[in-house]
Structure formats: structure tokens, C-alpha cells
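Undergrad: kindly generate the corresponding structure for this input.
(chains A and B)
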Amino acid sequence: MSGATYKIFRKDRSFRQRLFEPPAVGKMSLLANLVAWAILLFWSLFVLFPIYWVVITAFKDAATVNNGPFFIPFVDFQPTLKGWTAQFATDPYCDAYSVGRQLVLLVYNLFVFILSPIIKIEKMEPQICKVYLAYMNSFVISIGATALCIAVGSMAAYALARISYKPKFGNIVMFVLLALSAIVGSNYFDVHWAISGSVALALFYLLARTLGRRFKSTLGNDDILFWIVSQRILPPIVVIIPVYMMFQSVRMIDTHFALIIVYAVANLPIVVWLMHDFFANLPVELEESAQLDGSSRFEIFWDIVLPLTRPGLAATTLLTLILNWNEYLFAIFLTTARAQTMPIMVAAKNTGERGILWWEMCAIIMIMILPVIVMAVVLQRYIARGVLLGAVKG
Amino acid sequence: MSDGTATSQPGISPAGLSRGESWGEWFDRQSRTFFIAPAVTLVLLFAIFPTFYTIVFAISHVRFSATGLKFRTVWFENFAAQFTGNQQVHFLGRFTSMSTAGWVFSLVTAGALLWWLYRAFVSGATWVGLAGRVISAAMAMFIALLFAATLLSGNQWGTLLNTLFYVVVGCSIQFVIGLMLAFLCSQPVIGKNFFRVLFFIPLMITPLGVGYAFKMILDVTKGPFQPFWKLVGLGNWAWSTDAWAARWFVILGDSWQWIPFIFIVLLAALENVPKDHVEAAQVDGASSFQIFREITWPQILPVAATVMLIRMIEAFKIVDLPNIMTAGGPGIATESMTLHSLFLWRANDMGDSAAVAYLLLILTVVVCSSFFNYVVLKRLRKARA
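TA: So this is what the prediction gives:
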């Protein structure tokens, strides 16, 4: 039955008839639609309510939070900006960041100017703020880590999709043995880790060039891919103590660089896995004709392959950015003050002499999730058909 | 790793510029190495090397001295302490006596595992396959015994079973709800695209925010449901003081965050199911349940198994939610193994911390590779056949 006739047919029947009629093929009956809506609406409430509660609590003050539940701003309570101003309160620690301070003050005053007709606002102290520092740290670290991860990961993924590698199994065994002896050397014979490590690397290079040629059994691209992807199974807590020691020995604890590298490695498996799918599904003819025209591999990769996989790249970038922005465990271990990220800042609000200050907490959570939401809305159209469909096809 | 192979390719001379070759050409010739070397180096340096190095911590007593850390090798003492020593209650739980239910459960599990091994042996599996099965079966038996000796006998759990509780129970609930929602949204419901975007939101919110939001909402004295709690007589009660309530509390937050992921991947899989099969079955008068069981389910099974594998891997690492919502309490009731290791590290007990981390690694690898071999690969082979 075509759509037009179905519509005419539908008009002739009462609501009750339409409720219980058997549906046309490919359609749902009204009753089924109602039941589905009931479930979906219930789930929407479940999804939205916590977010709504965080948003309104961010505009409450101590009295409003403690005197029982209030749900609707301007109706059962008067919103204030107490939680927000507290985030920008005096903190002499951040005096060095004067340019950023001016910027935040500018934005904040603009905000105050716009909102002052409807919301009562506390007087703002003319100084900022640990929160700002953590915010900028989070931006620098998550963007830097994502850039590094995408660059390194997509290159590796492209290579694994297009070039055939045959690493020899014997060389890998040799590498592991040499790495172990380097560790033993540095621990039990008091050799500095840098010396034992470089000796082991040099030895590996020499042995691979000479002895390595005689090894027969090789691994393939799929093995390398599986090896990189399987790193995701590794719980971060297993690697964190040695990574901490490594960065400590080069005095890089509490720097942005340390976190950027560690985050990039942690997300490398996801990037390689997803991008490999996108690259493998590209038609190879374009690249071959470019190769005939004399382009180098890097030119092909940069000018042809990357533009063609833009939706996939955008989705993978988004996913990696979210994961880096929310990362918590590495940040606890590797930062103390200067490079603290937002999650650590938020978690630190958990303890206070007066219990948790919920309005401040919600304000800082909102500050934290806003950029992710904005980014997700902007890149929203890439999400569905990009990363997830790619993952499903693979 | 690849530099040993570049030379073995015919037509490619060893590294170094040959006569009349520009740097650009040399660079292009070496591109196969340059493309993959950064990724391999990073993983070797910051994942493989530390994993090996953690062994040094796990087999030592570490203490601080003026010149740095002092290691004293104690071999398996740290591991043994988790199973039979001073750390046993924390890691495995307390077991005093075994109840009848516990004995029955253990015997049934042992019988099932032996039957499974016997079947594999008779059907002529390879030696590697048999060894893998023996390892999986041994770990399953150990966990079943532990489960029987603690929960089924009314004793306290340790962090090992807490982690498994988050993985097994949490992931199952998330899968069932995610699948139901995805199935609903794959039907021709009016306005389903709106719900699809809406349901995706929790995935983007930081776990810390989720933890705090749920802590606030389920607060019985100030939360939004305060009148309701008063009505049911829980006016002066807290989620974080009751062991089971606290565990479900963590699972609730975890589910809120991760159901969207399962939902969206399964939805994509459901929409890839050919429409004409379903419509043909509808014309034949099959009910929606029959259509789901006979047509849709077999087609989405490979994707479902894969997404569950990804979800399980992440669930093993859970740390921020229990840390925020309950701080591992009451006692150790909601402490995951990562959190356990983190707390030990904070107490400067690096040896035990590394040992717990390693046990988590072993557990994760055995469970995930068992799942991969016996569920994902099996389904993939079946789907291809």
C-alpha cells in the first residue's frame, strides 16, 4: 500500500480503531508507537535529569541546597552566581598568568553584564584563579595529546593498511631479552637507566643487522595491528609506576609534555584501530595513479588519503579529545600543581571542612563539560556515520 | 623492529645515500619505516617497557632512602601476600566456612569445566588451544571457588570480586538495556532521530561529573527525591554506608555513562540488517519477537560480541567512579583493583601496589582473551560460514 492511500485510509477511522489496527508492512501501529514513546521518554528523563540537576544546582547557594529539593529556577528558588564567582576568587598563586587573567576577567564581566538583569550577582574579586590554570592545562594537554596521537596513529594505520611489513619473530624475541637485561642492569648493578638503555638499543641494532638476517619466521601486518590494538587491554595502573620513575629521572613530573606523551600512547590503539578501517576501505587506484605520477608516499598520504578520510578523522579526533579531556588516573600520578588538569581540580573539591559545596562543585563540572558539549554539537553530524559505523563495519 | 626487514626486500639497498640520490628520495625510500616507527617506538617506550619494569617492583620490597629507591628482591612474596598473607582479606575477602550452597555451586562448576575440557580434548584441539583452555578453566574454577566461599557462604568480598562484579553484572545490565533501546530506535518509531541524539549525551560527560551528579541526586537529605526517601522511611540513611547499595550505586552511574556507547553501536548494527528479510518475515506473519530471534539477532551477534569485548576491557579499568562516589567504601565494598593499587601506592607500598596491578593485568588478559576466543571468534566464524 503506498503512502498516499494509507493516509486517506487512516482518516476514515476512529482513534480507537487506529490504536488497535494491525500495522502496514514497515510501519508501527499507534499502540506500539505509544508504548515505544513511553519507554523512550522515560529513558530521556533518566538521561537528562542528572544533567538538569547539575545545571540548576550550579545556580543555587548554600541555603537553597540545604533546605530541601528545589526544582525550577525563578519559581521555587532565586538563582545566584555564588558557585561561579567562587571559582574565580582570589588566588595569588596564579599571578604569573596575567594575560589569561585579563582574558577570563573580560569574558566573566561580559557574562555578568548580560546576566545581571535576571540573576543576582556577587561582587567579583579582580583576581583569578586555580581553575583557570587547570582549564588552560586541560586544553593544552588534551589538544596536544590528541594531535600527537592522531598524527602518529594515522600514519601507522595507513602504513599497516597499505605497506606490507614482515618483522622477524627472532628479532622481537631479541628485543625483549635485551630490554629485560637493560632493566636488570640498571637495577641490580647500579647502572644509570639511560646508559643501559642506549647500550641495549645499540646492541639490538647491531644484532638485528647481522644475526637478524638468518631468522626465518616472520610476522605480518595483521600481527602488528593486533599487537598495537591489544595495548588497550593494558590497565594504566600497570605502567604508571615505571612511567612515573622515568619522568622523574628526567625531571619532567608535573609538566604538560609528560601528560601529552602518556595520553597519546594510551589512546594510540583506538586511533590505529579506527583509522585502519577507514584507510583499508579507500579505493587503492587513486594512490597508485598518484604514485605513477611520481608523488612520494608522504605526499600521497597528506594530499590524497587524509582529505578522503576527513569524516573518519573528525570522529576519531572527537573521541580521542573526549577521552583525553576526561582522563583521571595518569593525571593523579604525574601532576602535582603546575600541570594539574580539570579532573584533578574537580576531584579535589570532594574534600572540604564544610563538606562538599555542591553549588561550587556543579559550577566547576559545568565549566568542565561545556567545551565537550559545544564540540560534540559542532561535530555531531560526523559522529554517527563516522566513527561508529566504521567500527561496526570493521 | 622493521629495520631488519627493509634490507631483506629485493631492490632496496641498505640505509645510507647512494650516489646521485637526493635526501628527498632517500626519505621517500625509507618512508615505510618512518610511517610506523613513531607509533612502535612510543608503544615500546611507554607501554611495553614499563610493563616489564613493573615486574621489578612486584618482586621487590621497595623503600625510600637518601639516594633514591632501594629494592630488596623478595620474589613472589608480594603476590603470596595477596593470596595467603596479610593482604588476603583486602584482595580475596574473608572466608571462614563454606556453606552447602557454596559446595554445590563449586562442584557443579567443576563438573561443567571438566566436561568442557574433555569435549575439547576429544574433538582434537591443538596443543596451544588445549593449554589456553586449561588456563581459562583454572581461572574460572578459582573465581567460582572464591565466589562460593565468600558470597554464597555469607562472607565479605575482596577487591578481586568487586572488579569482576563491575565487569560481569555491570556489562550485562548495560548490554541488555542498550540492546532494548537500540531495538526500539531501529523500529519505525516517530521521532527516533531526536532520541538517538539525546541518548548519546552521557558518553561525553566526564566520569567525575557523573559520579558527583549521582551522589547529589541520590542524597537522601538534600537530593531531589528527598520527600520520597522520607516516605519510605530512609530519611536518615546514606547509599555509601551499605555495601550492596554502594555497589549498585556505582553500577548505576557506570550504566548511565556507558549504555549510550552500546546503544549507538548496536543501533548502527541493527540498521545494517537487510530490510527485505525483515519485511518478508512480516508478510509471512512472524511476530516481532520471532523476527528478532531468527533474523536480527544472528546478524548483529558479531558486532554485539565485539562491543561487549571493548566495554569489558574498559570496565576492568574502572577507577574514577568508585573513587568519587564512595571512595572505595564502606570498608572496601566498592574498591576496584585499580583503586586498590592506587591506595597502596599512596601508602608508599609500591611492591604490593605493583603486585595488585599485575594481578589485574593477568585477570584482564585471561578473561578478555577467553571471551575473544570462545565468543567473538566463534561468532565471527559462524557468521562467515
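Undergrad: below-threshold pLDDT in the chain: ranges please.
TA: In the absence of a named chain, chain A is used. Across chain A, the ranges flagged by pLDDT under 70 are A:1-13, A:15-27, A:88-106, A:109-110, A:112-113, A:116-129, A:351-354, A:380-394.
Undergrad: you looked at the wrong chain, it should be chain B
TA: For chain B, applying pLDDT under 70 flags the ranges B:1-21, B:383-385.
Undergrad: what sits against residue 212?
TA: I'll assume chain A. The contact partners of residue A:212, by C-beta atoms under 8 Å, 6 or more residues apart in numbering or on different chains, come to A:168, A:170, A:171, A:174, B:4. (Each C-beta comes from the backbone N, C-alpha and C, glycine too.)
Undergrad: switch to chain B, please.
TA: If a contact means C-beta under 8 Å, 6+ apart, then residue B:212 has A:54, A:346, A:356, A:361, A:362, A:365, B:324 as its contacts.
Undergrad: alpha carbons only: can I get whatever helix or strand it lives in in CSV?
TA: Secondary structure from DSSP states H and E places residue B:212 in helix B:207-217. Taking Å, rounded to 0.1, in the frame of the first residue of the first chain, the C-alpha atoms of helix B:207-217 are listed here in CSV:
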residue,chain,number,x,y,z
PRO,B,207,33.0,10.2,34.8
LEU,B,208,33.8,12.6,37.6
GLY,B,209,30.8,14.7,36.8
VAL,B,210,28.7,11.6,36.6
GLY,B,211,29.9,10.5,40.0
TYR,B,212,29.1,13.8,41.6
ALA,B,213,25.7,14.2,39.9
PHE,B,214,24.6,10.8,41.1
LYS,B,215,26.0,11.4,44.6
MET,B,216,23.9,14.6,44.7
ILE,B,217,20.7,13.1,43.2
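Undergrad: just checking, next helix/strand downstream of it?
TA: Where DSSP H and E defines the elements, the next helix or strand beyond helix B:207-217 is helix B:226-231.
Undergrad: buried ones in that next one, by neighbour count?
TA: Neighbour-count burial for helix B:226-231, counted by 16 or more other C-beta atoms under 10 Å in any protein chain shown, picks out B:226, B:229.
Undergrad: check whether that helix contacts chain A.
TA: Yes: Helix B:226-231 comes into contact with chain A (C-beta under 8 Å from any C-beta of the partner chain), by way of B:226, B:227.
Undergrad: what does that helix rub up against?
TA: Contact with helix B:226-231 is made by A:68, A:69, B:219, B:220, B:223, B:235, B:237, as judged by C-beta under 8 Å, 6+ apart.
Undergrad: restricted to buried residues, select the residues you listed in PyMOL.
TA: The buried residues among the contacts of helix B:226-231 can be selected in PyMOL (16+ other C-beta under 10 Å) with this line:
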select buried, (chain A and resi 69) or (chain B and resi 219+220+223)
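Undergrad: now distance to residue A:181 too, for the contacts of helix B:226-231, in JSON lines please.
TA: As requested, those are exported to JSON lines (distance: C-beta to C-beta, whole Å):
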{"residue": "A:68", "distance to residue A:181": "66"}
{"residue": "A:69", "distance to residue A:181": "64"}
{"residue": "B:219", "distance to residue A:181": "56"}
{"residue": "B:220", "distance to residue A:181": "59"}
{"residue": "B:223", "distance to residue A:181": "58"}
{"residue": "B:235", "distance to residue A:181": "64"}
{"residue": "B:237", "distance to residue A:181": "58"}
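Undergrad: looking at the contacts of helix B:226-231, which one is closest to residue A:329?
TA: Checking the contacts of helix B:226-231 against residue A:329 by C-beta to C-beta gives residue B:219 as the nearest, at 26.3 Å.
Undergrad: distance check, the closest one against chain A.
TA: Using C-beta to the nearest C-beta, to the nearest Å, residue B:219 is found at 9 Å from chain A.
Undergrad: and that residue, what are its phi and psi?
TA: Note on residue B:219: backbone dihedrals following degrees, to the nearest 10 are phi -70, psi 120.
Undergrad: contacting residues around stretch A:284-302?
TA: A:155, A:158, A:162, A:303-305, A:308, B:24, B:27-28, B:31-32, B:35.
Undergrad: so is stretch A:175-184 next to chain B?
TA: Yes: Stretch A:175-184 is in contact with chain B by C-beta under 8 Å from any C-beta, via A:175, A:176, A:179, A:180, A:183.
Undergrad: in that stretch, what's buried?
TA: Buried-residue list, stretch A:175-184, by 16+ other C-beta under 10 Å: A:175, A:178, A:179, A:180, A:182, A:183.
Undergrad: what's the following helix or strand after the host helix or strand of the first one?
TA: The reference is to residue A:175. Assigned by DSSP H and E, residue A:175 belongs to helix A:169-188. Later in the chain than helix A:169-188, the nearest helix or strand by DSSP H and E is helix A:193-210.
Undergrad: just among the contacts of residue A:212, which is most surrounded?
TA: Ranked by neighbour count (other C-beta atoms under 10 Å in any protein chain shown), the contacts of residue A:212 have residue B:4 at the top, with 25 neighbours.
Undergrad: residue of the stretch 51-200 of chain B closest to chain A, please.
TA: With C-beta to the nearest C-beta, the shortest gap between the stretch 51-200 of chain B and chain A falls at residue B:53, namely 3.7 Å.
Undergrad: so what's that residue up against?
TA: Residue B:53 sits next to A:183, A:241, A:242, A:245 when contact means C-beta under 8 Å, 6+ apart.
Undergrad: from these, which two are the most distant?
TA: The most widely separated members of the contacts of residue B:53, counting by C-beta to C-beta, are A:183 and A:241 (13.1 Å).
Undergrad: which residues of the stretch 101-250 of chain B lie near chain A?
TA: B:180-181, B:184-185, B:187-190, B:192, B:195-210, B:212-214, B:216-217, B:222-227.
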